[in-house]
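Colleague: 3D model of this:
(one chain, ligands or ions: 1)
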Amino acid sequence: MKRLLLFAAFATLACGARAPRTETMEQLRERVFQVARHQAVFMDSLLPEGRCPKTFQDGEPVTSDIGWWCSGFYPGVLWTLASPGDTLERLAVRHTLPLARLTERKTDHDIGFQLMSSFGYWNIVLYYTPDRDPETVRMVGSVLRKGAEQLAGRFDPAVGCIRSWDFGDWNFPVIIDNMMNLELLMDYGDRSVAETHALTTMKNHFREDGTCFHLVDYADDGSVLGRQTVQGFSDESAWARGQAWALYGYAMMALKEKSAGNRELAKTFYDVAAKLENWLLGHLPEDGVPYWDFSQTEYKDASAGAVIACGLLKLRQFRGAEDDGRGLIMAERILRTLASPEYLAEPGTNGGFILKHSVGHLPNRSEVDVPLTYADYYFLEALTLYPYAD
Ligand code: GLY
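Modeller: Down below sits the predicted model:
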């Protein structure tokens, strides 16, 4: 305990700086990354051996085993902040390695989230490391390819989708979150499975106004049995993080197709994301961070804000010189709000999480107005995607 108090006191002195009145986005990024580095080390000091952070509630860390869908996000935060040979890199390796065991047991569609934020990030770091160890490169690549095979194994050609969950009373449930898992297949597996899933989801998950349902249940022949929410307010409302996953997922698919030279598919996926972007730009609140569901006015969800910022910045990348700047303005607004004292934790507090005020599963009354690993991960990702040179 004494060690923690000392750490907290030091961290507060070292990076308790407030935002200057006219802070540039570069200065904002530096300020946030400084806080994030302290928080990432602090979080490690709180974690029981072999556990993954889930949230911090009533003054206590809540943890999970590697099977929880979020087990890759803390390793991903560490990889984002690490430099060659530093403490954060050592922690990143230590917290990533246990996730390799996921490829040796039955998993669900979230293997994409779990592996891309941990091993996927490690693989990118290795790519830029001149004297990388060939055995590490082989091991990391093998975990990612095995994970992609597991994910593709959940694909049903008659439905044209990857099955999301194995629990519940549904026949073949597919949730919009599943769009995020496709990146594992696009980079390390069967791209055609990812493309078919995205094309089917595009047809069945979206409403006329561009927003999406949370869950679609399919019959064995691929016809739709029902559309509903599980984590949103109502079946017809727009659950904020669901919209965020859809925006990011289709923007990611559009970018991957564009870099592969598949112009038609790139445009198809881009159109889905752009229509949703337009809706979001008209419905996000003044400070950019949505309430947990667009029909509600209590409990902001920092995680949805962070993922939406990433999606907007990816769409901007896709458009390049054609971009009209509307999404960039909103992304900046979101990031400035998340970097304000209302959301950004004081170093040495918040259980080592970077952001406060996210919502996990409100209808279950679980994780309401708490820190969450994916809010932190996508906040740092958005700060990495932001085009500072403009
Ligand atoms: N994938 C679960 C969630 O967004 O809460």
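Colleague: and the residue of the stretch 151-300 of the chain found nearest the ligand, what are its phi and psi?
Modeller: Checking the stretch 151-300 of the chain residue by residue against the ligand with CB to the nearest ligand atom singles out D177 as nearest, at 3.8 Å. Where C-beta positions appear, they are placed from N, C-alpha and C, glycine not excepted. Recorded main-chain torsions at D177 are phi -50, psi -30, according to degrees, to the nearest 10.
Colleague: do the same with Y188
Modeller: Torsion angles, degrees, to the nearest 10, at Y188: phi -130, psi 10.
Colleague: confirm for me that it is in contact with R145.
Modeller: Yes. A contact is recorded between Y188 and R145 when judged using CB atoms under 8 Å, the distance being 5.2 Å.
Colleague: between these two, which is the more surrounded one?
Modeller: Y188 (24 against 15; other CB atoms under 10 Å).
Colleague: for the more buried one, give me its contacts.
Modeller: Y188 makes contacts with G120, G141, L144, R145, G147, A148, as judged by CB atoms under 8 Å, 6 or more residues apart in numbering.
Colleague: what do you get for L335?
Modeller: Remark: with contacts taken as CB under 8 Å, 6+ apart, L335 is in contact with M25, L28, A309, F379, A382, L383, Y386.
Colleague: please repeat the previous calculation with a cut-off of 6 Å.
Modeller: For L335, the contacting residues are A309, by CB atoms under 6 Å, 6 or more residues apart in numbering.
Colleague: mutual contacts of Y188 and R145, please.
Modeller: Where contact means CB under 6 Å, 6+ apart, no residue is in contact with each of Y188 and R145.
Colleague: how distant is stretch 173-188 from the center of its chain?
Modeller: Relative to the chain's own centre, stretch 173-188 is displaced by 12 Å; criterion: CA atoms, centre = their mean, to the nearest Å.
Colleague: got any ranges where the protein has weak pLDDT?
Modeller: Under the criterion of pLDDT under 70, the regions of the chain flagged as low confidence span 1-21, 390.
Colleague: which residues of it fall in helices?
Modeller: Taking DSSP state H as the criterion, the chain contains helices spanning 2-15, 25-46, 73-81, 87-96, 111-115, 121-127, 134-152, 182-188, 191-204, 240-259, 263-283, 302-319, 326-338, 373-385.
Colleague: next, the buried residues of the fourth one.
Modeller: Burial within helix 87-96, assessed by neighbour count using 16 or more other CB atoms under 10 Å, is assigned to L88, E89, L91, A92, V93, H95, T96.
Colleague: wait, what's in contact with the first one?
Modeller: With contact set as CB under 6 Å, 6+ apart, L88 has these partners: L78, L81, A82.
Colleague: find the nearest non-adjacent residue to it, please.
Modeller: In this structure, L88 finds its nearest non-sequential neighbour in A82, 4.0 Å apart by CB to CB, 6 or more residues apart in numbering.
Colleague: okay, now that neighbour: neighbour count?
Modeller: A total of 21 residues lie near A82 under the criterion other CB under 10 Å.
Colleague: now do D58
Modeller: Taking other CB under 10 Å as the definition, D58 ends up with a neighbour count of 6.
Colleague: which residues touch it?
Modeller: Residues in contact with D58 (CB under 6 Å, 6+ apart): none are found.
Colleague: and the gap between the nearest residue to V41 once chain neighbours are set aside and the ligand?
Modeller: Spatial nearest neighbour of V41, excluding adjacent residues (CB to CB, 6+ apart): T87 at 6.5 Å. From T87 over to the ligand the distance is 30 Å, taken as CB to the nearest ligand atom, to the nearest Å.
Colleague: and D324, how many neighbours does it have?
Modeller: Residues within reach of D324, counting by other CB under 10 Å, total 9.
Colleague: how about S83?
Modeller: Counted with other CB under 10 Å, the burial measure for S83 works out to 9 neighbours.
Colleague: once you drop chain neighbours, what's closest to it?
Modeller: Setting aside the residues directly before and after it, S83 is nearest to E89 in space (CB to CB, 6+ apart), at 6.7 Å.
Colleague: any idea which residue of the stretch 1-150 of the chain lies closest to the ligand?
Modeller: Of the stretch 1-150 of the chain, the residue with the smallest distance to the ligand, taken as CB to the nearest ligand atom, is W69 at 5.7 Å.
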